[in-house]
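Student: Task: produce atomic coordinates for the following.
(4 chains)
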Protein chains: 2
Amino acid sequence: MPTRRKSSPHASSDQLHLDRFIPYRLSVLSNIVSVSIAHAYEREFGLSIPEWRVMAVLARYPDLSAVEVAERTAMDKVAVSRAVSSLLARKRLTRNHDDVDKRRSILRLSQAGQAVYKRVAPLALHYERQLLDALNPDERRTLDRLIARLTERARAIDHAESWFPATAVPIPASQRARKRTRKRPPVNSRGYNQ
Amino acid sequence: MPTRRKSSPHASSDQLHLDRFIPYRLSVLSNIVSVSIAHAYEREFGLSIPEWRVMAVLARYPDLSAVEVAERTAMDKVAVSRAVSSLLARKRLTRNHDDVDKRRSILRLSQAGQAVYKRVAPLALHYERQLLDALNPDERRTLDRLIARLTERARAIDHAESWFPATAVPIPASQRARKRTRKRPPVNSRGYNQ
DNA sequence: GCGCAATGGTTACAATTGCAACTATATGAC
DNA sequence: GTCATATAGTTGCAATTGTAACCATTGCGC
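Tutor: Next comes the predicted model:
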């Protein structure tokens, strides 16, 4: 009886080969796609990816606040803040403020913003279609499912915080990359400079 | 006879819904994964992702030059240069120069570098295993194939350069994000300042 | 040999990003 | 009411990244 061997050289083996390593391959794929799209948006519409994401959610869900936009775009609030201010400057958004809670903003696409969106959206879909042309309908459904499952799992691992086995011997400080040291001393938080 | 309707709301539709848009979802997935891994590498080994990639290829293919490393890691030569110099500074690499072509460097892991690598690699595989635990063996093989095909396709689209239908009316300059303007005037390339 | 384009690798600088600190407002305990 | 704590959003600064320019060397045409 012949020894059983691995049926095929696939994803998870016990040897590390960079170009079979799924995290690496995902990153490469996602990068090519993002850069491709980002260049076209920039060239054609003067839009960055964060700006585009903000417009996309507001097109579908008007009157969200900045944090709500952040939740729906997987961006952090700083990124949203910057995208919003750039879009406001170019009058693609309008911003109102909630009467009840004066901290909350109420964002929506302006007329101009909607006009731009109507032209970007088909472009985005066109790209996606070209990409998915590489797959048959069955594979597309599978892709959809796999991404969903992997994302869910990746989030779970991330939240577990310590997904790796405890390190026996930590790398000595001299060998670690320099820590990010905060230069500005913390400011005492009131009655300062006024 | 009832009207035929879309079998399921899946990937490519004619309406744009950010959280069904594959490029977006790929980017979110890849991001969670990368950040998770990057934090662990940094905490445990003081390694950035580019540094880790360089080490991973050199572990398997010693004596590559910087451009060869770049080719195998999907990084550009600047990124490789920076990762290499950081790794050299911490003595995880050695660098020699080709006698025949004095421009080429010959990189390999130092003893210390190999020691670090022996500890990082299992961690990487451990993460991958945890991630892929969300899928059954069949799905893993499919994932492998889908990533390969999509990457190939994405590269093709990218090289085609103009994957989008020609823009009828370009966005007026006033509405475009400010161009990246080079501030430093081109230096006349010799006999300057000497 | 000379001149010039191509290649390997580094450097300079600007744009982008990520994080913590910040201001302003709101909310809950007392 | 006061205080502390939480939340919305912005700002400042350092780290990272992307791009072009750069230097050194090589190879080719002549």
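Student: can you tell me how far the most centrally placed residue in chain A sits from chain B?
Tutor: Geometric centre of chain A, nearest residue: A:A74, 5.4 Å, by CA atoms, centre = their mean. Separation of A:A74 from chain B (CB to the nearest CB, to the nearest Å): 5 Å. In short, each C-beta sits where N, CA and C put it, glycine included.
Student: Now do the nearest residue to that residue once chain neighbours are set aside, the pLDDT please.
Tutor: Using CB to CB, 6 or more residues apart in numbering or on different chains and skipping the chain neighbours, the partner closest in space to A:A74 is B:V28 (4.8 Å). The model reports B:V28 with a pLDDT of 96.
Student: What number of residues are in the vicinity of B:V28?
Tutor: 20 (other CB atoms under 10 Å in any protein chain shown).
Student: hang on, it in a strand?
Tutor: No. According to DSSP: H, G, I helix; E, B strand; the rest coil, B:V28 belongs to no strand; its state is helix.
Student: That one and A:L150 touch, don't they?
Tutor: No. In this structure, B:V28 is not within contact of A:L150 by CB atoms under 8 Å, at 10.5 Å.
Student: List the residues that contact A:D99.
Tutor: Taking CB atoms under 8 Å, 6 or more residues apart in numbering or on different chains as the contact definition, A:D99 lies against nothing.
Student: which stretch of helix or strand covers it?
Tutor: For A:D99, there is no helix or strand it lies in under DSSP states H and E.
Student: How much space separates it from A:L58?
Tutor: In this view, A:D99 and A:L58 are 20 Å apart by CB to CB, to the nearest Å.
Student: what do you get for A:I22?
Tutor: On the measure of CB to CB, A:I22 and A:L58 end up 34 Å apart.
Student: quick one: pLDDT of the residue nearest to the centre of chain A?
Tutor: pLDDT, A:A74: 93.
Student: again with A:A70
Tutor: Taking A:A70 on its own, its pLDDT is 96.
Student: where does it sit relative to A:V84, distance-wise?
Tutor: 10 Å.
Student: ditto for A:A154
Tutor: Taking CB to CB, one finds A:A154 at 28 Å from A:V84.
Student: again with A:G113
Tutor: In terms of CB to CB, A:G113 sits 11 Å off from A:V84.
Student: Also A:L131?
Tutor: 29 Å.
Student: So for the two, which residue has more residues nearby?
Tutor: Comparing A:L131 with A:V84 by other CB under 10 Å, the one with more neighbours is A:L131, at 26 against 22.
Student: Please report how far the more buried one lies from A:T142.
Tutor: Taken as CB to CB, the span from A:L131 to A:T142 is 15 Å.
Student: Which is the succeeding secondary structure element to the helix or strand hosting A:Q130?
Tutor: Assessed by DSSP H and E, A:Q130 sits inside helix A:111-132. Next along the chain after helix A:111-132, taking DSSP H and E as the criterion, comes helix A:137-160.
Student: Show me which residues of that next one are buried.
Tutor: Across helix A:137-160, burial judged by 16 or more other CB atoms under 10 Å in any protein chain shown covers A:E139, A:R140, A:T142, A:L143, A:D144, A:L146, A:I147, A:L150, A:T151, A:R153, A:A154, A:I157.
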